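Enquirer: Structure for this input, please:
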Amino acid sequence: MSNDPLLKTEAGEAEIEDAAAQPSLEEQLAAATARADENYEKFLLAAADFDNFKKRLSRDVDAIVASRRRMLLERILPVLDNLERALQSNADGDSLRGGLEQTLRGFEAVLAGEGVKPIEIKGEPFDPRVAEAIGTSDSDGAAEDTVVEVTQKGYTLGDELLRPAKVIVAKPSRE
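Expert: Next up is the predicted model:
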């Protein structure tokens with residue numbers, strides 16, 4: 001560092017010029033406030049866009065569900081018509097049974113088209129994940145904990161359990 005007064009003056013002037021070039025605190029505050037206001041406006045627009053997106057998505061989902069429900073019901077109505085015709089006919093017992101069996105096959109076809117499958121569990125070991133034991137029966141020749149009777153069919157929808165089967169399970173016979 002030099003003790004030259006001329007150098008000190010030039011350095012002091014440079015510091016004064018740097019200070020003058022920097023905005024004042026009021027100017028900095030005004031600039032920060034303007035940026036905050038701009039960001040707040042952007043936030044409000046994004047929030048409104050998101051709210052509109054949620055409403056549009058909800059409407060779309062509702063429309064898809066209504067459409068699928070309508071399609072399913074349109075597929076079931078012919079089966080219902082066949083059932084009504086079978087019951088209105090003056091047919092003998094065999095014809096009525098044939099009509100009801102045809103109607104049952106129609107319902108099964110509609111359900112299969114929707115991915116619904118019956119659970120085939122009779123003669124299989126009892127599985128509480130797909131069946132509900134509602135009773136037991138002496139195991140005349142059947143292995144213990146084997147399903148000997150299905151009182152209500154169970155169904156799956158894809159890989160999900162739609163309804164568990166209600167079954168009678170073999171228990172060891174007492175001798």
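
Enquirer: Let me know the secondary structure of Ile121.
Expert: Classification of Ile121 using DSSP: H, G, I helix; E, B strand; the rest coil returns coil.

Enquirer: Would you enumerate the residues in contact with it?
Expert: Applying C-beta atoms under 8 Å, 6 or more residues apart in numbering, we find Ile121 in contact with 127, 130-131, 147, 150, 154, 165, 167. (C-beta placed from N, C-alpha, C; glycine too.)

Enquirer: List only those of the residues you listed flagged as buried.
Expert: Neighbour counting by 16 or more other C-beta atoms under 10 Å classes 130-131, 147, 150, 154, 165, 167 among the contacts of Ile121 as buried.

Enquirer: Which of those residues fall in strands?
Expert: Residues of these located in strands (DSSP state E): 131, 147, 150, 165, 167.

Enquirer: hang on, the earlier thing: among the contacts of Ile121, which one sits closest to Val79?
Expert: Gly154 (21.1 Å; C-beta to C-beta).

Enquirer: Model confidence for the closest residue to the closest one other than its chain neighbours, exactly?
Expert: Nearest non-adjacent residue to Gly154, counting by C-beta to C-beta, 6 or more residues apart in numbering: Ala165, 3.0 Å away. The model reports Ala165 with a pLDDT of 94.

Enquirer: ok, back up a step: Serialize the ones in strands among the buried ones among the contacts of Ile121 to JSON lines and add fields for distance to Asp62.
Expert: Listed next are those as JSON lines, based on distance: C-beta to C-beta, whole Å:
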{"residue": "Ala131", "distance to Asp62": "35"}
{"residue": "Val147", "distance to Asp62": "41"}
{"residue": "Val150", "distance to Asp62": "38"}
{"residue": "Ala165", "distance to Asp62": "33"}
{"residue": "Val167", "distance to Asp62": "38"}
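
Enquirer: Can you pull up the most central residue in the chain?
Expert: Val61 (11.1 Å; C-alpha atoms, centre = their mean).
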